[in-house]
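Colleague: Sequence plus predicted model, see below.
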Amino acid sequence: MKALLICNVGGRDVMHPALPKTGHSERQWAQTALAHYPELCGAFSLPIISKALLYLATRHVILDHVILIASDQLPPAGNTQFWSSDTIYSAQIIARLLCDGLTPYPRLDGQQITIWTIQTEDGQGCDPSDYDLTLRFLERRLADLRRVYPHHTAFFEVTGGTPAMTTGLLIAGTEIFGSQTEILSVHPNQELPIALNTGKRLLATPLRASLRSHAASYAYAAAARTFLEHESIIIDRLEPTAAQIIAPLLAYAHYRFNFDFANARSALRRVRNAGPWRAELDSLLEQVDTPVRQFLLAEVVHGAAARYQIGLYADFLTQVVRFEENLLRYLCLRYGVRFRNRQRQPDPDGTYLAREWLNQQPFTLSRDRDPNRDLIADRSLMRELLGHLLDRTQPDQCNLLVAIDRLGELVKRRNELTHHLEGVQKVGLARAFAGPEAPSTAADQIVPHLEQLYEQVCHQPLPPSPYQSINQLLDRLLQATQT
C-alpha cells in the first residue's frame, strides 16, 4: 500500500531525557535541542508520532510523503505566551530524525518530508487554536495534496497539536480523501495507535443519503455504483444481513425499472440469507416471477409515473405510447383477436393480425386491401379494430374509446421526436393532452388518466408502486445499529 502520513505536531511530540522542558517554552526548548541535534539525536523520543510510524512499519505501508503540521505565529508586540508555544522547531527535529532513520520507520529522504505551518490565506502564520482559520488552512493544503497523490491512502495522526488542529484534520482529511482516509489516534498507555472509524462514520451518513437520493429519483444504477465504490464505509455499523442485501436489491430495482424481469429475478435469487427481510424479498421476487399482461400494464403505468416525477419527459412519452398500444392489444385479445409473429406462428404479442381470423369478421378494415396477406397490427389498426368490436351502444365502452383517444396527441408527439431535435417540455405535454391553451399544470393529469384507464380496462385497482416499497426497504436496510 502506498500512503501518506499527515501528523499534527504539539508540545508533547518531541522529548529528550537530558533536556527537560520544565521552565522552557516549546519554541525555546526545540530551538535549543535543534542547535545541539548532533549530540542529542540518539536519545530523542517521539511519544506520539513514533507509535504511528511503528504501526505503519509493521504493516509494510510504503510512505511516499510525510506531512508535519506545526505552528509558527508572528511574534506579538505584547504577550508572547502563544507565540512561544509554537511547534515549528519541534517539527524540524522530527523531520531530521525521519531523514536519519532514527524512528521506528525506515529512513526517508528529505524530499519526502514537508512541514506545514498554520497560515492565513495570505501566508501569515496564525493562531493554531482558531478553529475556523485552522480548518480553512487544512482544507486548502489537503486539497492540493490530494491532487498530487490522488490514489494514495492518507493516514492522519490527529492526537498531537491543539484541539482545533485535531478537529480540522479530522474534518478536512475525511472530506477531501474520502474512503482513502485512515484516522490514527494514539493513547499514552497503548503501544500502537487505535485506527478510528471516525472517518467512516463521517462519510457514511452522506453516502447513505446519496444512496437514498439516487433511489428516490429512480437512479438505481447510480446508487449501485456508489455502493460498490464505497461499500466498506456504507455498511459500517449496519446489520450484517442488511448489508448483504443492499447490492442485490439495487440491482433488482435497476432491472425492474427497465422492464428486465429475467435479470431482476436473478438478482434477488442470489440472496441466500435475508433474515427478517425474507418475506419482503420473496414478495418482490414473486411479483416478477411469471408476470402476466395485466401486471406488465401496471408496470408501464408506474414506470411512466416515475419518469414524469423526475422530469424525464421524453422517456415519459415513450411509456405513454407503450401503455396505449399495449392497452389496445390487451382489449383486442379480450375480444378474441388472433395475432401471429413473423414466422406465422400464433403469438399474442405478434406483429400481424392472423388472416384466417380477419377473414371471418363481418367488417373490413380500411387498410385491408389484400385478402391473401396478414395485416400489420400497429396501434392505429388496433384502434380501428376496437371501433368495430366494442359495442358503441354501451356508454361505458363508448367512453372507454374516447378516454383512450385522449392519448392520441401524446402518441403523435412521441413519434415526432424521432424526426427532429427539439426537446420535450411540460407545457408541450399539457397542450398535447388537454388542448392548445392548456397550462403546464394540465400535464399533471396524464398519469391519473393512465391509472383510470388501467382500472377501467383491467377491472381492478392499480397495484401500489413497487419502487416505493423498494425504496422504503432500502431505507430500513441503511439504518445503522446503535453501538
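Modeller: Arrived safely.
Colleague: quick one: what helix or strand has the residue lying closest to residue 451 once chain neighbours are set aside in it?
Modeller: Nearest in space to residue 451, with sequence neighbours left out and distances taken as C-beta to C-beta, 6 or more residues apart in numbering, is residue 462 at 5.0 Å. C-betas here are computed from N, CA, C, even on glycine. When secondary structure is defined by DSSP states H and E, residue 462 falls outside every helix and strand.
Colleague: Would you agree residue 462 is in contact with residue 449?
Modeller: No - at 12.0 Å, residue 462 does not count as touching residue 449 under the criterion of C-beta atoms under 8 Å.
Colleague: give me every residue that touches the residue nearest to residue 451.
Modeller: Going by C-beta atoms under 8 Å, 6 or more residues apart in numbering, residue 462 touches 298, 301, 451, 454, 455.
Colleague: low-scoring stretches of the stretch 1-150 of the chain, by residue?
Modeller: 77-81 (pLDDT under 70).
Colleague: Ok, the stretch 301-450 of the chain next?
Modeller: 392-393.
Colleague: Now intersect the contacts of residue 462 with the helices, please.
Modeller: Residues of the contacts of residue 462 located in helices (DSSP state H): 298, 301, 451, 454, 455.
Colleague: doesn't residue 463 make contact with the last one?
Modeller: No - distance between residue 455 and residue 463: 10.7 Å, which falls outside the contact criterion (C-beta under 8 Å).
Colleague: in the stretch 151-300 of the chain, which spans are helices?
Modeller: Here the stretch 151-300 of the chain has its helices, by DSSP state H, counting those that start in this stretch, at 163-177, 198-216, 220-229, 231-234, 240-257, 261-269, 278-289, 293-309.
Colleague: Show me the contact partners of the fourth one.
Modeller: Spelled out, that is helix 231-234. Residues contacting helix 231-234 (C-beta under 8 Å, 6+ apart): 179, 200, 203, 204, 207, 208, 211, 226, 227, 246, 247, 478.
Colleague: Could you list the buried residues of it?
Modeller: The neighbour-count check on helix 231-234 (16 or more other C-beta atoms under 10 Å) flags 233, 234 as buried.
Colleague: next one: the first one
Modeller: Using 16+ other C-beta under 10 Å as the burial criterion, the residues of helix 163-177 that qualify are 164-177.
Colleague: packing partners for it?
Modeller: Packing partners of helix 163-177 (3 or more C-beta pairs under 8 Å, 6 or more residues apart in numbering; DSSP states H and E): strand 2-8, helix 131-148, strand 153-157, strand 181-185, helix 198-216.
Colleague: Format those as CSV; extra columns: mean neighbour count.
Modeller: Below are these laid out as CSV (neighbours: other C-beta atoms under 10 Å):
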stretch, mean neighbour count
strand 2-8, 24
helix 131-148, 17
strand 153-157, 25
strand 181-185, 22
helix 198-216, 18
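Colleague: which among the contacts of helix 231-234 gets closest to residue 320?
Modeller: Minimum distance to residue 320 across those is 29.6 Å, recorded for residue 211 (C-beta to C-beta).
Colleague: Strands along the stretch 351-483 of the chain, start to end?
Modeller: For the stretch 351-483 of the chain, the strands defined by DSSP state E, counting those that start in this stretch occupy 352-353, 375-376.
Colleague: Which of those strands sits closest to residue 110?
Modeller: The nearest among these, by C-beta to C-beta, is strand 375-376 at 79.7 Å.
Colleague: who touches that closest one?
Modeller: Residues outside strand 375-376 that contact it (C-beta under 8 Å, 6+ apart): 351, 352, 353, 355, 358, 365, 367, 368, 381.
Colleague: rewinding a little: indicate which one of the strands of the stretch 351-483 of the chain is closest to residue 65.
Modeller: Each of the strands of the stretch 351-483 of the chain was scored for nearness to residue 65 using C-beta to C-beta, and the closest is strand 375-376 (69.3 Å).
Colleague: Please name the strands paired to the closest one in the sheet, noting orientation.
Modeller: Within its sheet, strand 375-376 is paired with strand 352-353 (antiparallel), according to DSSP bridges.
Colleague: now the strand it pairs with, how far from the chain's geometric center?
Modeller: 45 Å (C-alpha atoms, centre = their mean, to the nearest Å).
Colleague: try stretch 47-57
Modeller: From the chain centre to the centre of stretch 47-57 is a distance of 35 Å (C-alpha atoms, centre = their mean).
Colleague: what's the angle between the longest strand seen in the chain and helix 131-148?
Modeller: Counting by DSSP state E, the longest strand found in the chain is strand 62-70. Calculated by axes from the mean of the first three to the mean of the last three C-alpha atoms, to 10 degrees, strand 62-70 forms an angle of 160 degrees with helix 131-148.
Colleague: Could you name the helices and strands sitting against the helix or strand that strand 62-70 is followed by?
Modeller: Once the chain leaves strand 62-70, the next helix or strand it forms, by DSSP H and E, is helix 81-84. Counting contacts by 3+ C-beta pairs under 8 Å, 6+ apart, helix 81-84 is packed against helix 26-35.
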